[in-house]
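*Asks:* Mind folding the following:
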Amino acid sequence: MEAAAEPVSFREAARTWAAIGCLGFGGPAGQIALMHRILVEEKRWISEERFLFALNYCMLLPGPEAQQLAIYVGWLLHRTPGGVVAGTLFVLPGALVVLALSVLYATLHALPLVAALFAGLKPAVLAVVVEAVLRIGRRALHGAFGLALAGAAFLAIFLLQVPFPAIVAAAAVLGLGVARLRPGWLPAGASGAGAARPVDRLLAAARPEHRPSRARALRVLAVWGGLWLVPVALVVVSLGPDAVFSRIALFFSQAAVVTFGGAYAVLAYLAQAAVATYGWLAPGEMLDGLGLAETTPGPLILVTQFVGFLAAYRNPGALDPLAAGLLGAALTSWVTFVPCFLWIFLGAPYVEALRGSRALAAALSAITASVVGVVLNLAVWFGLHVVFGTLAERSFGPFSVLVPDLASLDVASLGIAVAALVAMLGLRVGMLPTLAASALAGVALRLAGAG
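*Replies:* Numbers count the residues shown, from 1 in each chain. Predicted coordinates:
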């Protein structure tokens, strides 16, 4: 039975996860598409229905949904060791590259050439975000109900600043109601389980770790909750709550719980705290961090590592600034990604037990549609901050919006953004060539006196 339930060797899976980790460019949309092509179409390890079911569950969780999807599939294939290997190899290549780029940013950012590179990179990031909205939208939105949910989520967060967890909860309730009263409004994938491939039947073989139980849940909470929170407690107790490392540990642990929707949906939240609350970054540097994360493989939430590095680098205390930055980056990554393993290992057995539930599939489908509206909000937020130098918040009764100062229009940034959009959306130029060309354009404009 055990041999029959192992359709994929552990070594082959590890090689595949390493390849996905090195090739996972393009943010969550690109990474999900890459995993779909490799896991569903090429290797045929899991079915389309099972892949989308796992994806919708991961979209419900806080943190990077693409990494959590990798953990989920790794856990299905090889239990906890498979999930650990999949989730770690998905993040590790990008984390190492972002760390190296953060060091270069901190030490060379004042140089005119580096500043010019980032002046060209930031407008190109806007094109990547817009493309992400379109790609995620095409995958998640089917029919008038999905479009209406995405639009309502956008208006709620853009005009009313409704917290994302509240949007998720409302979408789930609406999805459940529609499944009961108007099932025709739902996409076909949300109406029930699809046909399983042979590998899905093998994965359904009796395995204690794939079945929910109270004893197993308590073990997972003890092990993975301890790996996450014990280091946080040690840092806070030994250094005091006001030390920069304590603040990093506490803030990013909190972010790991409340940051639904991945990096795109929570960037504004992270930027506000890092800039306004803690003073770790200057205005606009969060966009630089996202630009770094966009140029590397791995989840975009690695931008948190950039923030943690700069926070400790600029507040090193008795440590060497570079050593402090490295420790800050490592601590940030630990408290950002360890909770992802907890969410999957704790919840996946219960989700698997509910596979085929029409109500659960409908709720997850509605949540996925609402996430599209949140990502659209970030695209608008990005566009305003990239193209205009001055923004003011205006309130109109219960509504609050950012209003740009038209005189602060950055023509050069607007031109680079438009060119990047045309290249990526119209000419189908890849993300990395577009980002590289935009960075060079920033240098050329700076040298010509237009930057």
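
*Asks:* Relative to the whole chain's centre, how far out is stretch 91-99?
*Replies:* 14 Å (CA atoms, centre = their mean, to the nearest Å).

*Asks:* same deal with stretch 393-404?
*Replies:* With CA atoms, centre = their mean, you get 27 Å for stretch 393-404.

*Asks:* That stretch - what's its average pLDDT?
*Replies:* Summarised as a single mean, pLDDT over stretch 393-404 is 81.

*Asks:* now stretch 304-312
*Replies:* 95.

*Asks:* Equivalent analysis for stretch 216-236, please.
*Replies:* Stretch 216-236 comes out at a mean pLDDT of 96.

*Asks:* List the buried residues of it.
*Replies:* Under the neighbour-count criterion of 16 or more other CB atoms under 10 Å, stretch 216-236 has 216, 220, 224, 228-229, 231-232, 235-236 buried. No exception for glycine: its C-beta is placed from N, CA and C like everyone else's.

*Asks:* which stretches of the stretch 201-350 of the chain form helices?
*Replies:* With helices called from DSSP state H, counting those that start in this stretch, the stretch 201-350 of the chain shows them at 214-239, 244-258, 262-272, 285-294, 303-314, 321-353.

*Asks:* Please apply the same query to the stretch 1-150 of the chain.
*Replies:* For the stretch 1-150 of the chain, the helices defined by DSSP H, counting those that start in this stretch cover 10-23, 27-35, 48-60, 65-108, 112-140, 143-159.

*Asks:* Select, out of those helices, the one closest to Val307.
*Replies:* helix 65-108 (9.2 Å; CB to CB).

*Asks:* From the chain's centroid, how far away is the closest one?
*Replies:* On CA atoms, centre = their mean, the centre of helix 65-108 falls 12 Å from the chain's centre.

*Asks:* Then stretch 298-305?
*Replies:* Distance, centroid of stretch 298-305 to centroid of chain: 7 Å (CA atoms, centre = their mean).

*Asks:* Buried ones in the helix or strand hosting Ser365, by neighbour count?
*Replies:* Here Ser365 sits within helix 358-387, counting by DSSP states H and E. Buried positions in helix 358-387, judged by neighbour count with 16+ other CB under 10 Å: 358, 360-383, 385-387.

*Asks:* C-terminal to it, what's the next element?
*Replies:* Downstream of helix 358-387 (by DSSP H and E), the next one is strand 391-396.

*Asks:* then the helix or strand following that following strand to PDB, C-alphas only?
*Replies:* The helix or strand immediately downstream of strand 391-396 is strand 399-404, counting by DSSP H and E. What follows is strand 399-404, C-alpha atoms only, in PDB (Å, rounded to 0.1, in the frame of the first residue of the first chain):
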ATOM      1  CA  PHE A 399     -14.900  57.800   1.300                       C
ATOM      2  CA  SER A 400     -11.200  58.500   1.200                       C
ATOM      3  CA  VAL A 401      -9.100  58.700  -1.900                       C
ATOM      4  CA  LEU A 402      -5.600  59.700  -2.900                       C
ATOM      5  CA  VAL A 403      -5.700  62.800  -5.200                       C
ATOM      6  CA  PRO A 404      -2.500  63.500  -7.200                       C
END
